[in-house]
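1. 3D model of this:
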Amino acid sequence: MLAGCRCAAQRDYIGAQYVGAAYLADPLGEAADPDSDPLMRFDAFDCTTFVETVLAGGDVDRLTQIRYRNGEIGFLTRNHFIETDWLKNNAARVENVSANYGPTRVRRVDVDKSGWLRRVHGIDAAFPVVSASVEYIPYSHAADIRPAAPMIVLFIAGNSGKSATIGTDIAVVHMGFLLPDGTLRHASSAAGRVVDVNFAEYVHARMQNKNNLGITLVEIK
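-> Residues are numbered from 1 along each chain as shown. Next up is the predicted model:
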């Protein structure tokens, strides 16, 4: 009974207040060009800003520390890429613990931020190509995972030709929270809002696309 109560409590606090909020791609910015969207909002999220806002506890100063390198607000200092920016710059807050939950593989990725900035945003800025290795659990071993506490879950894909569109390779294509009772809470573009869904069913659906590789479990410190 106590374990059930604990799961219910965790389900209630980890972003529950935002369930039903609208999905909106790229809803946050620096309130100034080139991205004049607000620094924080609570009515609409994409998958990343949902996770970030929940981690920040709705506090704009904490959100700034999560979204920007060294908390320095600016389009070029934003942690745009989960693989090379976000995980590294939030190492004091989160940790990849996938190996504790199943057999893992490694997805290697080369992020060309300069190419992405030029192709997608028309901005010329010099950044080196950065390589990263993302440890993940293949989908064949992921559906039945039930962590003891809520975790960030990253959904990993292979290189599907996205580099031809955005100027770089990416591995993380979606993110949300995996709750101890097997619920995935995430901002879903398909549903058009923040929703709770059955994690195992979601995993089985993603497995139908062979380019979808698996999940990375990220512990909240």
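2. for Gly115, phi and psi?
-> Per-residue torsions, Gly115: phi -60, psi -40 (degrees, to the nearest 10).
3. for it, give me the pLDDT.
-> In this model, Gly115 is scored at 93, pLDDT.
4. what's it in contact with, if anything?
-> Gly167, Thr168 (Cβ atoms under 8 Å, 6 or more residues apart in numbering). C-beta here means a position set from N, CA and C on the backbone, and glycine is covered the same way.
5. start at 641 instead
-> Sure, I'll start counting at 641 from here, so that last one is Gly755.
6. what ranges does the protein have for its helices?
-> For the chain, the helices defined by DSSP state H cover 642-653, 687-695, 700-707, 727-729, 753-756, 803-806, 839-846.
7. so for the fifth one, what gets flagged as buried?
-> Residues of helix 753-756 classed as buried by neighbour count (16 or more other Cβ atoms under 10 Å): Lys753, Ser754, Trp756.
8. quick one on the thing from earlier: can you tell which of the helices of the chain is closest to Phe721?
-> Phe721 sits nearest to helix 753-756 of all the helices of the chain, at 6.9 Å, using Cβ to Cβ.
9. off-centre distance for that closest one?
-> Mean C-alpha position of helix 753-756 versus that of the full chain (Cα atoms, centre = their mean, to the nearest Å) differs by 20 Å.
10. circling back to that earlier point, redo the helices of the chain as a markdown table? Include distance to Asp673.
-> Below are the helices of the chain laid out as a markdown table (distance: least, Cβ to Cβ, whole Å):
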| stretch | distance to Asp673 |
| --- | --- |
| helix 642-653 | 36 |
| helix 687-695 | 19 |
| helix 700-707 | 17 |
| helix 727-729 | 23 |
| helix 753-756 | 18 |
| helix 803-806 | 21 |
| helix 839-846 | 36 |
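11. of all the ones you listed, which lies closest to Ala830?
-> helix 839-846 (9.9 Å).
12. which helices and strands sit right next to the closest one?
-> Using 3 or more Cβ pairs under 8 Å, 6 or more residues apart in numbering; DSSP states H and E, the elements in contact with helix 839-846 are strand 823-828.
13. let me know the angle separating the strand it packs on from helix 839-846.
-> 50 degrees (axes from the mean of the first three to the mean of the last three Cα atoms, to 10 degrees).
14. show me what strand 823-828 is packed up against.
-> When contacts are defined as 3+ Cβ pairs under 8 Å, 6+ apart, strand 823-828 packs onto helix 687-695, strand 812-818, strand 833-838, helix 839-846.
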